[in-house]
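*Asks:* Structure for the following, please:
(2 chains)
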Amino acid sequence: MSKQADKQGNADNRYKYLDRAIARHQFRGDALIEILHTTQELFGFISRDLLLYIARNLKLPPSKVYGVATFYHFFSLDPKGEHTVTVCLGTACYVRGAADIQVALEKTCGCAMGQTTADGKISLQGARCVGSCGIAPVVIYDNDVAGYDTVEQATARVRTWMEEQA
Amino acid sequence: MTLEELYELGQNFRQKLTTFRAEIHVCGSGGCISSGSFQLKETFEKVCEARKIGADVRVITTGCMGLCGAGPLVRVHPSDTLYVRVTTEDVERIVDSHILKDKPVKNLLYPRDASFFARQVQVALKNMGRIDPESIEDYIAHGGYEALAKAITYYTQEGVILEVRNSGLRGRGGGGYPTGLKWDIVRRVPSAEKYVVCNADEGDPGAFMDRAMLEGNPHAILEGMAIAGYAVGATQGFIYVRGEYPLAIERLKKAIKQSERTQILGNRIFESGFNFRIDLRIGAGAFVCGEETALLQSIEGQRGQPRPRPPYPSQVGLWGKPTLLNNVETFANVPAIVLNGGKWYSAIGTDKSKGTKVFALAGRINNTGLIEVPMGITLREIIFDIGGGIPDGGEFKAAQTGGPSGGCIPVQHLDTPVDYESLTHVGSMMGSGGLIVMDQTSCMVDIAKYFMKFCMEESCGKCIPCRVGTVQLYRLLDRMTNGTATDEDLDTLEELCVMVKDTSLCGLGQTAPNPVMSTLHYFRREYEQHIHEHACAAGVCSVGAEQTDSAVASVHQGEGA
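*Replies:* Numbering: from 1, shown residues only, chains lettered A, B, ... in the order given. Presented below is the predicted three-dimensional model:
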């Protein structure tokens, strides 16, 4: 993959935005985490090529960029599914039965937390605590935060996604 | 901007507010948003428009109003009436009856004298839930930035620090280090460059105080930081905020922009020689970054791994410069202390723990939400008076404070006063303010395992006791819960707890065994039941059915890749 074009060879505007963000931080190495945030926002995940691209631009060793990107849970080095289900596993949610929802969803999707279904439709992930403990247990469907969620509601919602036509 | 101009700005805005016939405040905190408070606000606006009173009624989204479990919350002014569990269908009724006919809607009312509010003392949360967090004018109209203006105009650096010292304020992140003393240390280090850092990496699961404060009253944090900057001689501040809090990030960005535009932050603040800027740094989901040296590493763009202390960040911090690091709540208390004096603040609380503490009440409790109580109040008062007790006729079993670093407090210690020393004495800690209540449906061995899993996954891997110790502790606990453990395992567990506690590099490892040690101390019987009788009284663990948890395997596969 060349740096300004994607697989189809089309010019990719996202690189332009990324370049702009890097320039705004004056190519400083200590802006690495900000740049990784921007990259993930633009591309959805941070591919190996992008890691190299960032390393070159910030004049950092690729090992360091890889080290930082893998240290933080927030950065994903693999593409995400079409939909993302995030189960909050904070203490308040756990005490109110989040673990049951987790197990049910893993069963429904056939994959474990942190993985994506084989058809690339749904990514399952756990969250440390989303800070909505007042309405525990909390599950986030894409960007929709559902409070007081139950095993039935969660599996039903994920099923409708699975049955969606691509 | 001068002090007079600030007063004028506030006066003008208050004047503007008096022109409204009524104000409708819709709670815009995490819990209420997910129960539909944004749609609620729109509906209020539409209905007011339809009744031709759109221009006379001010409808705003505020920060957290506290009673998160009963959301969405709506407060109507000037009568200061609180409505709970408001749905879009109730909007017409509230507007028609309350706003137009001045007759509150009875069945949605929350009694003002209810003990949930009556027992609280609000300092850090004072204006939260009453002002528009996205409006700097609203903040100024409620006395905002007055403390900063006064500090810069009338106080010397030492004078500000003296007030903070007199207030007896201690670090609200849970450490409890005297804030004034820390400020003085940073001030005394000679350096042209110093930094002020706000630790908003609220990682404890079950805690949402910082989130609520950042979202509900971001200017208060900026003001507290600027006062600190003035007192210690720093010109640059950073707020390290969790990436998981997008709304807090958005509101902070807006608040910083507003305060720069009104020339409250920037150069020559309040026409003095003091310059101060604040920038945001977004965390990327690493619990260990709540540890101060790891946090500084992360701001510098490195892996968030702690380093040994001393030297403390007060002497050698960000980019090697002296750095003042305080928690969100600590900064939120500062404006009130400067404005009302240290003596006023120290009149609240106990002998050694002054002032108030914000707690996030959650778990098996009726009134989940955000509260601020004077230090010295007992856990029983918090849980049964303010929290309204346990739902569904449940029986109180334990209160968990301090997150993965804290412990479980059993029923016999319910009358423990809430202060730094007492909570440590019963084997837990103050922590940042998460307070999770558990009833008979929670198994204490399982809870210990839950926290150990958390620490195991969040261990940064730098020092061996934590990296390896937490995995071994988790394995032992896993065996307890699946019924394959022996008495020998229990001994090993205890021994290992002490080892990990004594030899780890940073707070994460040093406190990781706390949940195990406190549950072992108070609920040893449950551990023995799991081992000898293969029984789990709470019915949580599938003892007997042998299964190994996938978590151990996945940690050993390594991160990423």
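
*Asks:* can you tell me how far the closest residue to chain A within chain B sits from B:C198?
*Replies:* Of all residues in chain B, B:C68 sits closest to chain A, at 2.5 Å by C-beta to the nearest C-beta. Using the backbone N, CA and C atoms, a C-beta is placed for each residue, glycine as well. Here B:C68 is placed at a distance of 23 Å from B:C198 (C-beta to C-beta, to the nearest Å).

*Asks:* would you say B:L9 is within a strand?
*Replies:* No: the assignment for B:L9 (DSSP: H, G, I helix; E, B strand; the rest coil) gives helix, which keeps it out of a strand.

*Asks:* I'd say B:G30 and A:I140 touch.
*Replies:* No: the pair B:G30 / A:I140 is not scored as a contact, 11.1 Å apart, by C-beta atoms under 8 Å.

*Asks:* So for the two, which residue has more residues nearby?
*Replies:* B:G30 (26 against 19; other C-beta atoms under 10 Å in any protein chain shown).

*Asks:* Any idea how many residues pack against the residue nearest to that one when sequence neighbours are not counted?
*Replies:* Spatial nearest neighbour of B:G30, excluding adjacent residues (C-beta to C-beta, 6 or more residues apart in numbering or on different chains): A:S132 at 4.2 Å. Other residues near A:S132 number 29, with proximity taken as other C-beta under 10 Å.

*Asks:* How about whichever helix in chain B runs longest, which residues are buried there?
*Replies:* Ranked by residue count and defined by DSSP state H, the top helix of chain B is helix B:464-482. Across helix B:464-482, burial judged by 16 or more other C-beta atoms under 10 Å in any protein chain shown covers B:465-467, B:469-482.

*Asks:* can you tell me if it touches chain A.
*Replies:* No: shown here: helix B:464-482 not in contact with chain A (C-beta under 8 Å from any C-beta of the partner chain), separated by at least 11.9 Å.

*Asks:* Tell me the helix or strand right after that helix.
*Replies:* On the C-terminal side of helix B:464-482, the closest following helix or strand by DSSP states H and E is helix B:487-503.

*Asks:* now that next one: mean pLDDT?
*Replies:* What helix B:487-503 shows for mean pLDDT is 97.

*Asks:* what do you get for stretch A:114-124?
*Replies:* The average pLDDT within stretch A:114-124 is 90.

*Asks:* which residues are contacting that stretch?
*Replies:* Residues outside stretch A:114-124 that contact it (C-beta atoms under 8 Å, 6 or more residues apart in numbering or on different chains): A:78-85, A:87, A:105-106, A:109-113, A:125-126, A:158, A:161-162, A:164, A:166, B:554.

*Asks:* Repeat the analysis, applying 6 Å as the threshold.
*Replies:* A:K80, A:G81, A:E82, A:H83, A:T84, A:V85, A:C109, A:C111, A:M113, A:Q125, A:W161 (C-beta atoms under 6 Å, 6 or more residues apart in numbering or on different chains).

*Asks:* what two of these are the furthest from one another?
*Replies:* Greatest spatial distance among the contacts of stretch A:114-124 (C-beta to C-beta): A:E82 and A:M113, at 17.7 Å.

*Asks:* Next, count neighbours for residue 50.
*Replies:* Since you didn't name a chain, this refers to chain A. 24.

*Asks:* that answer is for a different chain, and I need it for chain B
*Replies:* The number of residues packed near B:A50 is 11, by other C-beta under 10 Å.

*Asks:* now B:V160
*Replies:* 27.

*Asks:* ok so it is a helix residue?
*Replies:* Yes: B:V160 sits within a helix when classified using three-state DSSP.

*Asks:* I'd say it and B:A231 touch.
*Replies:* Yes: between B:V160 and B:A231 there is a contact at 4.2 Å, judged by C-beta atoms under 6 Å.

*Asks:* what about the longest helix of chain B, distance to the chain center?
*Replies:* Here helix B:464-482 is found 29 Å from its chain centre; the criterion is C-alpha atoms, centre = their mean, to the nearest Å.

*Asks:* how's the chain carved up into domains?
*Replies:* With no chain named, the answer covers chain A. A:13-71, A:83-163 (automatic domain parsing).

*Asks:* hm, I was asking about chain B
*Replies:* According to automatic domain parsing, the domains of chain B span B:3-118, B:157-346, B:356-439, B:447-556.
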